[in-house]
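Novice: any chance you can model this:
(one chain, ligands or ions: 3)
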Amino acid sequence: MARADKLTIAAGTPGIDLMNAAGGAVADVAQTMLTTSDLPSVLILCGPGNNGGDGFVAARLLHERGLEVKTLLLKKPSSLKGDAALAYAAMSEAGVPQWLPLTPASLKKGLTEADLVIDALFGAGLDRPLEGGMVKLAGMVNAGGVPVLAVDLPSGVNGADGSAGGGAVRAERTVTFFRQKPGHLLFPGRGFCGVVDCVQIGIKASVLEEIEPDLTLNDERLWRQDWHSPAAGGHKYDRGHAVVFGGPVHATGAGRLAAGAALRAGAGLVTLACPPSALMVNACHLTAVMVRPLRRGEELSGDVEDEGSAGPIREMLEDKRLNAALIGPGFGVGPQTRECVMAVLGAVETAVLDADALTSYSSSPEALFFAIAGCRGPVVLTPHAGEFRRLFPDLFSLDKLSAARQAAQRSGAVVVLKGADTVIAAPDGRAAINGNAPAWLATAGSGDVLGGIILGLLAQGMPGFEAAAMGVWMHGEAGRQAGPGLTAEDLAPYLKPVIARLVEKPGQGAHEIR
Ligand SMILES: NC(=O)C1=CN([C@@H]2O[C@H](COP(=O)(O)OP(=O)(O)OC[C@H]3O[C@@H](n4cnc5c(N)ncnc54)[C@H](O)[C@@H]3O)[C@@H](O)[C@H]2O)[C@@H](O)CC1
Ligand SMILES: Nc1ncnc2c1ncn2[C@@H]1O[C@H](COP(=O)(O)OP(=O)(O)O)[C@@H](O)[C@H]1O
Ligand SMILES: [K+]
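Specialist: Ligands and ions are numbered 1, 2, ... in the order given. Presented below is the predicted three-dimensional model:
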């Protein structure tokens, strides 16, 4: 953002114009939040930098529009610099009532009189967690019972990584500028933002051509051009033949969920390969998905030591039409599973490794990464936080974005670090943060469906990072469509309207990374 501001200013837009636009947007949203009182009263908390400057602009505009405005300042106006000093001067000239220092006492009184609080203390310039007196002030705002509108970020939230180590102001709404920041999407920061409005203040999208950000919000612009509807004269094999390696007879559901999702996500054919003992139960439940018993597969899954057990997988994957494989859900943890993962990575073009396939490498992650390096096409790992910690124990303490990025670089795989704020990271440094997943997706088997969706997209020939990101997005959209009360079984059918909408909005040409 600092570079976006600088480039815009260098191209001839004065900084104060940006600040006036930013403060104007804050004032507009503030007014939409004030509907009940005849003479609404707004308490504006202003910090020492440009975030405070936006607060001065909003104070002036709301005063000019006839609202009662009170400003509490963290630092004396004489210490203000640059655009914030200009905005303060304009506010004073406009006759906004005299400011008061921000103290526990002035805040307490202000909160009793206010219909709305505007938090313009710290934004992008937050350079350390809140501490001491600031923690207390934020706590008072949060306990005050008055709705809060945050300028750019709720004060205390780090925009770059979503951390909020010292706590933060809890906003009902947040107005941010130009583009959402990681802190609006990553928890815990996301939990402090409320509804986020991203407004345009005169920064041209073309600045991104120079900045070349390698981080984006996960939306269509990232992957839509890599996904295609079936060709008019096409064949099912044009869309790939995906294979899911399913678990033993007592753990068949995960594989079926994944296989069904892969087919619904558009793979031309899907086969669920399983031990013969699990064949009947799978066959009874599946129709369009094909089932195949793996010869000698009875002892295939789980933790039984048997060097030769991966043979049937290798044999099966000699059929090169089987171009994408998923292994892990319900598969069992142990040396047997490692053998099978090695067989998959050595034979198939592209693969998704999930759940037990990841956990089986807790004590030997390097062996897994070595095998990934030898795989012909992209490999996608889909760990939840627990699985991630087992594979990358030293990265777990990092913020989620850095953790996923370093894991991708280390493993050579696309890493989908799941959760409410799933991060998708590629070995080449690109990353995306997902924002559309409803909390209803936190339900048993939902991750198996995600693995299947990504598998289906890989089978269709999408590149790894784009397939993973699109899969996560589709999973979120299907969750939204399925709505409250959903279970994992509901998700695959809801991919149909999600895909239908994508087909209605074809080819977006060159995409803008934001
Ligand atoms: N031209 C621009 O750069 C624009 C900036 N804008 C606003 O400017 C903001 C960024 O302004 P700044 O870079 O001045 O930064 P901020 O105003 O966010 O905060 C910087 C100040 O806060 C202090 N500080 C940081 N963390 C602290 C903590 N934990 N406890 C106490 N003090 C702390 C810093 O020492 C510094 O004095 C954006 O968030 C946005 O609201 C907008 O007006 C749009 C245009
Ligand atoms: N609070 C949440 N909000 C949105 N999505 C969530 C939330 N918690 C989990 N998810 C998503 O639900 C899925 C759960 O996957 P996983 O943990 O592997 O569960 P399972 O093994 O039961 O399938 C992941 O895609 C994850 O991103
Ligand atoms: K703020």
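Novice: near ligand 1, which residues of the chain are found?
Specialist: Within reach of ligand 1 by Cβ under 6 Å from any ligand atom, the chain has these residues: 5, 15, 18-19, 22, 47-54, 83, 122-128, 130, 134, 151-152, 177, 201. Every C-beta, even on glycine, is put in place using the N, C-alpha and C of the backbone.
Novice: now a PyMOL select for only the buried ones of those.
Specialist: Buried residues within the residues of the chain next to ligand 1, by 16 or more other Cβ atoms under 10 Å, are selected in PyMOL with:
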select buried, resi 5+15+18+19+22+47+48+49+50+51+52+53+54+83+122+123+124+126+130+134+151+152+177+201
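Novice: among the residues of the chain next to ligand 1, which are in reach of ligand 3?
Specialist: The subset of those within reach of ligand 3, counting by Cβ under 5 Å from the ion, consists of 123, 151.
Novice: looking at the stretch 301-450 of the chain, which residue is nearest ligand 1?
Specialist: Asp399 (16.9 Å; Cβ to the nearest ligand atom).
Novice: nearest residue to that residue other than its sequence neighbours?
Specialist: Asp161 (3.9 Å; Cβ to Cβ, 6 or more residues apart in numbering).
Novice: hang on, that neighbour packs against Leu186?
Specialist: Yes. Applying Cβ atoms under 8 Å as the test, Asp161 and Leu186 come out as touching, 6.4 Å apart.
Novice: higher neighbour count, those two?
Specialist: Leu186 (26 against 17; other Cβ atoms under 10 Å).
Novice: burial of the nearest residue to the more buried one once chain neighbours are set aside, as a residue count?
Specialist: Excluding the flanking residues, the one nearest Leu186 by Cβ to Cβ, 6+ apart is Gly162, at 3.0 Å. By other Cβ under 10 Å, the residues close to Gly162 number 26.
Novice: who's in contact with Gly162?
Specialist: For Gly162, the contacting residues are 182-190, 399-401, 421, by Cβ atoms under 8 Å, 6 or more residues apart in numbering.
Novice: give me the element it is part of.
Specialist: Using DSSP states H and E, Gly162 sits in no helix or strand.
Novice: from ligand 2, how far out is it?
Specialist: With distances taken as Cβ to the nearest ligand atom, to the nearest Å, Gly162 is found 14 Å from ligand 2.
Novice: so for stretch 191-209, mean pLDDT?
Specialist: Averaging pLDDT along stretch 191-209 yields 97.
Novice: distance from the chain centre to that stretch, please.
Specialist: Averaging C-alpha positions (Cα atoms, centre = their mean, to the nearest Å) puts stretch 191-209 16 Å from its chain's average.
Novice: all further residue positions should be reported with the first residue as 551.
Specialist: From this message on, residue numbering opens at 551, which makes the last subject stretch 741-759.
Novice: tell me how far the ends of that stretch are from each other?
Specialist: 31 Å (Cα to Cα, to the nearest Å).
Novice: what do you get for stretch 703-721?
Specialist: Note: stretch 703-721 ends 9 Å apart using Cα to Cα.
Novice: in that stretch, what's buried?
Specialist: For stretch 703-721, by 16+ other Cβ under 10 Å, it's 703-714, 717-721.
Novice: try stretch 964-982
Specialist: Those would be 964-977, 980-982, for stretch 964-982 by 16+ other Cβ under 10 Å.
Novice: in helices only, show me those.
Specialist: Of the buried residues of stretch 964-982, none are assigned to helices by DSSP state H.
Novice: show residues contacting stretch 623-631.
Specialist: 595-598, 602-603, 635, 638, 642, 649-652, 671.
Novice: go again with 6 Å.
Specialist: If you take Cβ atoms under 6 Å, 6 or more residues apart in numbering as the criterion, stretch 623-631 is touched by 596-598, 638, 649, 652.
Novice: what's the closest of these to ligand 2?
Specialist: Distances from ligand 2 to the contacts of stretch 623-631, taken by Cβ to the nearest ligand atom, are shortest for Gly597, at 31.5 Å.
Novice: I'd like to know how many residues surround the nearest residue to the closest one once chain neighbours are set aside.
Specialist: Excluding the flanking residues, the one nearest Gly597 by Cβ to Cβ, 6+ apart is Leu671, at 3.8 Å. Neighbour count of Leu671, defined by other Cβ under 10 Å: 30.
Novice: quick check, Leu671 in contact with Gly599.
Specialist: No. If you go by Cβ atoms under 6 Å, Leu671 and Gly599 don't touch, sitting 9.2 Å apart.
Novice: for whichever residue of the chain sits closest to ligand 2, give me its contacts.
Specialist: Relative to ligand 2, the nearest point of the chain is Gly997 (2.1 Å; Cβ to the nearest ligand atom). By Cβ under 6 Å, 6+ apart, the contact list for Gly997 is empty.
Novice: can we see that at 7 Å?
Specialist: Gly997 is in contact with 904, 932, 934, 968, counting by Cβ atoms under 7 Å, 6 or more residues apart in numbering.
Novice: out of the residues you listed, flag the one nearest to Val839.
Specialist: Val839 has its nearest neighbour among the contacts of Gly997 in Asp904, at 17.5 Å by Cβ to Cβ.
Novice: correct me, but the closest one touches Gly1001?
Specialist: Yes. With contact defined as Cβ atoms under 7 Å, Asp904 counts as touching Gly1001 (4.3 Å).
Novice: list residues touching both of these two?
Specialist: Common neighbours of Asp904 and Gly1001 (Cβ under 7 Å, 6+ apart) are 876, 879, 932.
Novice: OK, contacts around Ala838?
Specialist: Leu813.
Novice: is it within a helix or a strand, and which one?
Specialist: Here Ala838 is assigned to no helix or strand, by DSSP H and E.
Novice: per-residue pLDDT, it?
Specialist: pLDDT at Ala838 comes out at 98.
Novice: the one 3 residues further on now?
Specialist: At Val841, the model reports a pLDDT of 98.
Novice: next one: Arg845
Specialist: 72.
Novice: not counting sequence-adjacent ones, nearest residue to it?
Specialist: Nearest non-adjacent residue to Arg845 (Cβ to Cβ, 6+ apart): Pro862, at 4.9 Å.
Novice: which SS class is the one you found?
Specialist: helix (DSSP: H, G, I helix; E, B strand; the rest coil).
Novice: tell me how far it lies from Leu676.
Specialist: As judged by Cβ to Cβ, to the nearest Å, Pro862 and Leu676 stand 56 Å apart.
Novice: contacting residues around Asn708?
Specialist: Asn708 touches 676, 714, 733, 739, counting by Cβ under 7 Å, 6+ apart.
Novice: could you redo the last one with a cut-off of 8 Å?
Specialist: So, once contact is read as Cβ under 8 Å, 6+ apart, Asn708 ends up touching 676, 679, 714, 733, 739.
Novice: which of the contacts of Gly712 has the most neighbours?
Specialist: Top of those by neighbour count (other Cβ under 10 Å): Gly733, with 29 neighbours.
Novice: quick one: which helix or strand includes that residue?
Specialist: Gly733 belongs to helix 732-735, assigned by DSSP H and E.
Novice: residues making contact with that helix?
Specialist: 703, 707-713, 724, 726, 739-740, 743, 746, 765, 767, 951, 971, 983-985.
Novice: how about it, does it reach ligand 2?
Specialist: No. Shown here: helix 732-735 not in contact with ligand 2 (Cβ under 6 Å from any ligand atom), separated by at least 12.0 Å.
Novice: what helices or strands is the next helix or strand after that helix leaning on?
Specialist: Where DSSP H and E defines the elements, the next helix or strand beyond helix 732-735 is helix 739-743. With contacts taken as 3 or more Cβ pairs under 8 Å, 6 or more residues apart in numbering; DSSP states H and E, helix 739-743 sits against helix 732-735.
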